[in-house]
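> All I have is the shape, not the residue letters:
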């Protein structure tokens, strides 16, 4: 008989948790980067890490914080995580992760947690290890300086509001969001083309590990769209990422955003899987 257990992981479980996370370095880049920095202490991590073990071996994880994220989750593990999530009640603003486990998790939670504000069932995961020679990087895209926070912030708010459907300034007045933007600028992972004090293009490298990194927050000012800035800007960010951060660069995109998917393919990305997001 297989003996299974589900529990909140402790700092002493760090090695075993990282082994699970690093078994799928691209899909797990976001959570892996958080754990490598903060460990498994819930206060530092910003949430609990749940572990599902079979016969004493840690097999699957689920991060439970601002997001609920199933990680390397088998169907049995997903059922166990859903049971724990139901008992705890919804505390997250979204469920996000690989499409298969996330869809199963949402099917189990929807009767008690639904309806969702929006379900994005198919968000292609795209990766690349080398830039395309067909698109020249925009030479004006560069790292954002710390003294340009006030210039970048309106573009970040516009991007978030367009993408998520609500403003990041709601609730706490945007303090947490501003802190995250400042953190990325300070780490040298925020990139933009700024012409005459206005952001034309921007993107961030939001998650980094030694194996992979993830680009997020891609945005072009509305009046500059349709001119190729997303391609040349992303080509520039991709060059920075591959040279300075990790050997594999990833991102995920909404399946209905056909122009973005075509643009990412032209600069060297290919689709290797799919994520799913449930927004509350």
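It's in. Note that the structure is predicted; figures quoted are calculated from it, not measured.

> From here on, just use CA atoms for contacts and neighbour counts.
Noted.

> can you count the residues close to residue 88?
Neighbour count for residue 88, taken as other CA atoms under 10 Å: 9.

> Which residue comes closest to residue 109 once chain neighbours are left out?
residue 82 (6.4 Å; CA to CA, 6 or more residues apart in numbering).

> Doesn't the one you found belong to a helix?
Yes: assessed by DSSP: H, G, I helix; E, B strand; the rest coil, residue 82 belongs to a helix.

> now the end-to-end length of stretch 56-73.
16 Å (CA to CA, to the nearest Å).

> what's that stretch in contact with?
3-4, 16-17, 20-21, 24, 28, 31, 46-53, 74, 77-78, 81, 91-98, 101-102 (CA atoms under 8 Å, 6 or more residues apart in numbering).

> if we can go back for a sec, quick one: contacts for the residue nearest to residue 109?
Here residue 82 is in contact with 105, 108-109 (criterion: CA under 8 Å, 6+ apart).

> There's contact between residue 4 and residue 53 in this structure, I believe.
Yes: using CA atoms under 8 Å, residue 4 makes contact with residue 53 at a distance of 5.4 Å.

> Please pick the buried ones from the contacts of stretch 56-73.
For the contacts of stretch 56-73, a burial check counting by 16 or more other CA atoms under 10 Å picks out 4, 17, 20-21, 28, 31, 46-53, 74, 77-78, 81, 92, 94-98, 101-102.

> circling back: show me which of the contacts of residue 82 is closest to residue 115.
residue 109 (10.0 Å; CA to CA).

> The closest one and residue 186: what is the separation?
Applying CA to CA to residue 109 and residue 186 gives a distance of 38 Å.

> neighbour-wise, which of the two wins?
Applying other CA under 10 Å to residue 109 and residue 186 shows that residue 109 carries more neighbours, namely 20 against 15.

> My reading is that residue 95 lies in a helix. Confirm?
No: using three-state DSSP, the secondary structure at residue 95 is strand, not a helix.

> just checking, it touches residue 120?
No: in this structure, residue 95 is not within contact of residue 120 by CA under 8 Å, at 10.3 Å.

> Now do the shared contacts for those two.
Common neighbours of residue 95 and residue 120 (CA under 8 Å, 6+ apart) are 276-278.

> now, which of those lie within strands?
276-278 (DSSP state E).

> ok, the residue nearest to residue 27 when sequence neighbours are not counted - contacts?
Nearest residue to residue 27 in three dimensions, chain neighbours excluded: residue 98, at 7.3 Å (CA to CA, 6+ apart). Taking CA under 8 Å, 6+ apart, we find residue 98 in contact with 27, 70-71, 273-276.

> Tell me the spacing between residue 98 and residue 272.
11 Å.

> again with residue 136
24 Å.

> More neighbours: which of those two?
Neighbour tally, residue 136 and residue 272, criterion other CA under 10 Å: the higher count belongs to residue 136, 15 against 12.

> these two touch, right, the more buried one and residue 234?
No: in this structure, residue 136 is not within contact of residue 234 by CA under 8 Å, at 9.9 Å.

> all strands of this structure, in order?
4-8, 48-54, 57-64, 67-71, 94-98, 118-128, 142-143, 190-195, 198-208, 213-220, 249-252, 270-279.

> ok, and what's touching the shortest one?
Yep, that's strand 142-143 we're talking about. 185, 188-193.

> And stretch 9-17, how far out from the chain middle?
Distance of stretch 9-17 from the chain centroid (CA atoms, centre = their mean, to the nearest Å) equals 22 Å.

> repeat for stretch 35-53
The answer for stretch 35-53 is 16 Å, by CA atoms, centre = their mean.

> and if you look at stretch 61-78?
14 Å.

> swap in stretch 184-191?
Using CA atoms, centre = their mean, the offset of stretch 184-191 from its chain centre is 16 Å.

> Please apply the same query to stretch 141-159.
19 Å.

> buried stuff in it?
Under 16+ other CA under 10 Å, the buried positions of stretch 141-159 are 141-144, 146, 152-153, 155-159.

> Repeat that for stretch 51-70.
Applying 16+ other CA under 10 Å to stretch 51-70 flags 51-53, 58-65, 67-70 as buried.

> for stretch 160-175, same thing?
So, applying 16+ other CA under 10 Å, buried residues of stretch 160-175: 160, 167-168.

> for those residues, which one is nearest residue 228?
residue 160 (21.0 Å).
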